[in-house]
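In: sequence plus the predicted model coming up.
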Amino acid sequence: MTKSSLKGVGRKLMLDIKFIRENPELVRLKSKQKNYEVDVDALLKVDSERRKLVEVVDKLRTERKKAATERDQVQGQALKSGLKEQENRLEKLNQEFDLLIRQIPNMPAEDVPVGKDDTENMPIRKWGAPRKFDFEIKDYTDLGESLGLIDTETASKVAGARFGYVKGELVLLEFALLRLALDLLTSETELKIFSEGYNNKPFVPVLPPVMIKPQVLDQMARLEPKDERYYLEKDDLFLIGSAEHTLGPMHLDQVLNEEDLPLRYVGFSTAFRREAGSYGKDTKGIFRVHQFDKLEIESFTLPEDSRKEQDFIVAIQEHLMQQLEIPYQVVMICTGDMGGPDARQIDIEAWFPAQNKYRETHTSDLNTDYQARRLNTKVSRNGKNEFVHMNDATVFAGRPLLSILENNQQKDGSIVVPKALQKYTNFAKISPK
RNA sequence: GGAGGGGUCGCAUAGCGGACUAGUGCGGUCGUCUUGAAAACGACUGUAUCGCAAGAUACCGUGGGUUCGAAUCCCACCCCCUCCGCCA
């Protein structure tokens, strides 16, 4: 008999099938707004066939059990092949069901702007005025090269395109940035400022694995697009594209206590991305590379707190950017540009004067229960278990450093280190040698 | 990488083809007794799926297989522990 014929159906769900049954039109509409091809009718058809067959199979199993208890070998034998056949049919239906339901993305929250692609993202606020320069400015690549901070030429010889050596003071600056962020995120008192009337529980710092099993990455709903991931065939492992990938499954198959929530983590890791499909985009410099370091937030909350949690996280991101005195804008990502698991995605874009543009440096993803369903991460309340909500967000990756180079450059070619970072560096300026 | 030992209901353990509808202890919840508490005693105490419900089914690391019948037998894999080798 196939022990697994029914097993796991519940945990493979991404969106709640009950919700889809009750709101097929809404699911169709919202999926379309997110540019996802879904077939809700086919899903519901398979769903109802599946449910009927479950009853048939259960009945046969009951009879089989009865025959076995009575040592009725004749009856048992007679039931065996029929049961097997129905179980196989059910298994096939379950697979079809999984395939169909996993195509359905998370539903965007009601305040997400409807739009087809990134041109329709909606800036919601700006902070800081772009500085006026009275000299000809350089971009971060030229600055980085002339100051001996960035070397892509050697990197391309050694590792290929889209790699870089980060060197000298820029390395120290990266570590300073990390300290600035970690000091804030692990301090209960400092977090109070952003959490009025909410919760100022500090983040637990984590150094997570950078490799992950395919199945777990799939449970995070981050396996696709596979072309974007580095895969180690010999060991059947993927390299993570973000610390989120291994922070999110920290409570895989667990039931959490209500009083332990929110659970907040801040993980530091290298992120690996193949950048498939971005040929020709940002080819110069190290703005878009195959490998970069990132400090990442992952938090687990009660369902009703997840929205507040995202706002709390964005407030932290903004505060840190303000400390660096980098002009930025906050952008509400529209339906057509959001990730599949997102219900609400908010980006921060830093000002890059040489490009005369705001460019994405941070993202904040509210995933509601979409990932938790597959990860089977729950919270127990009043004797009942329900899925937790999850948020993930960038704290700092390499890009803000590049923005500092451009924004803080001086006429003599030097870079002024932001005050907030100076307590972590032993220099206030990066000067030409 | 080699050699052994293990993965069972929150924890600890028993079970090694049919009465397993998985036993026992601990923990937890409720109750009895008590001025109160402890102790003692009693009951309850996993998850998921299908069903309006009654109820049924599935789950003993994972996936296959044998059998009328699998926690129990066979095969493959994963993980943990001990020892050896290698190594930051």
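Out: Received, thanks.
In: can you tell me the SS state at the residue of the stretch 51-200 of chain A found nearest RNA strand B?
Out: Per C-beta to the nearest atom of the strand, A:Gly76 is where the stretch 51-200 of chain A lies closest to RNA strand B, at 2.0 Å. Backbone N, C-alpha and C define where each C-beta goes, glycine included. Following DSSP: H, G, I helix; E, B strand; the rest coil, the label given to A:Gly76 is helix.
In: okay, now it: neighbour count?
Out: For A:Gly76, the neighbour count with other C-beta atoms under 10 Å is 17.
In: quick one, what contacts it?
Out: With contact taken as C-beta atoms under 8 Å, 6 or more residues apart in numbering, A:Gly76 is in contact with A:Arg64, A:Ala67, A:Ala68.
In: please list the residues of the stretch 51-200 of chain A that sit near RNA strand B.
Out: Within the stretch 51-200 of chain A, the residues that sit near RNA strand B (C-beta under 7 Å from any atom of the strand) are A:51, A:54-55, A:57-59, A:61-62, A:64-65, A:67-69, A:71-73, A:76-77, A:79-80.
In: of those, buried ones?
Out: For these, a neighbour count by 16 or more other C-beta atoms under 10 Å gives the buried set as A:Val54, A:Val57, A:Arg61, A:Arg64, A:Ala67, A:Gly76, A:Leu79.
In: quick one: the first one and A:Leu90 touch, right?
Out: Yes: contact criterion C-beta atoms under 8 Å: A:Val54 and A:Leu90 qualify, at 6.8 Å.
In: backbone phi and psi for A:Leu256, please?
Out: Main-chain torsions, A:Leu256, degrees, to the nearest 10: phi -90, psi 160.
In: same question, A:Ile150
Out: phi -130, psi 130.
In: and it, how many neighbours?
Out: If you count neighbours by other C-beta under 10 Å, A:Ile150 ends up with 25.
In: my read: it touches A:Asp142, true?
Out: No: between A:Ile150 and A:Asp142 there is no contact under C-beta under 8 Å: 9.6 Å.
In: now A:Phe268, what's its secondary structure?
Out: What three-state DSSP gives for A:Phe268 is strand.
In: farthest-separated two in the buried ones among the residues of the stretch 51-200 of chain A next to RNA strand B?
Out: For those, the maximum inter-member distance is 21.7 Å, found between A:Val54 and A:Gly76 (C-beta to C-beta).
In: and A:Tyr328, bridged to which residues?
Out: A:Trp127, A:Ala350 (DSSP bridges).
In: could you report the pLDDT at it?
Out: A:Tyr328 carries a pLDDT value of 98.
In: and it, what is it in contact with?
Out: Taking C-beta under 8 Å, 6+ apart, we find A:Tyr328 in contact with A:Lys126, A:Trp127, A:Gly128, A:Glu318, A:Met321, A:Ile348, A:Glu349, A:Ala350, A:Trp351, A:Tyr358, A:Thr361.
In: repeat that for 10 Å
Out: Contacts for A:Tyr328 (C-beta atoms under 10 Å, 6 or more residues apart in numbering) come out as A:125-128, A:317-318, A:321-322, A:347-351, A:358-359, A:361-362, A:400, A:403.
In: return the members of these classed as buried.
Out: Neighbour counting by 16+ other C-beta under 10 Å classes A:128, A:317-318, A:321, A:347-351, A:358-359, A:361-362, A:400, A:403 among the contacts of A:Tyr328 as buried.
In: tell me which helix or strand comes right after the helix or strand of chain A with the lowest mean pLDDT.
Out: Among the helical and strand segments of chain A, the one scoring lowest on mean pLDDT, DSSP states H and E is helix A:9-12, with a mean of 39. For helix A:9-12, the following helix or strand on the C-terminal side (DSSP states H and E) is helix A:17-22.
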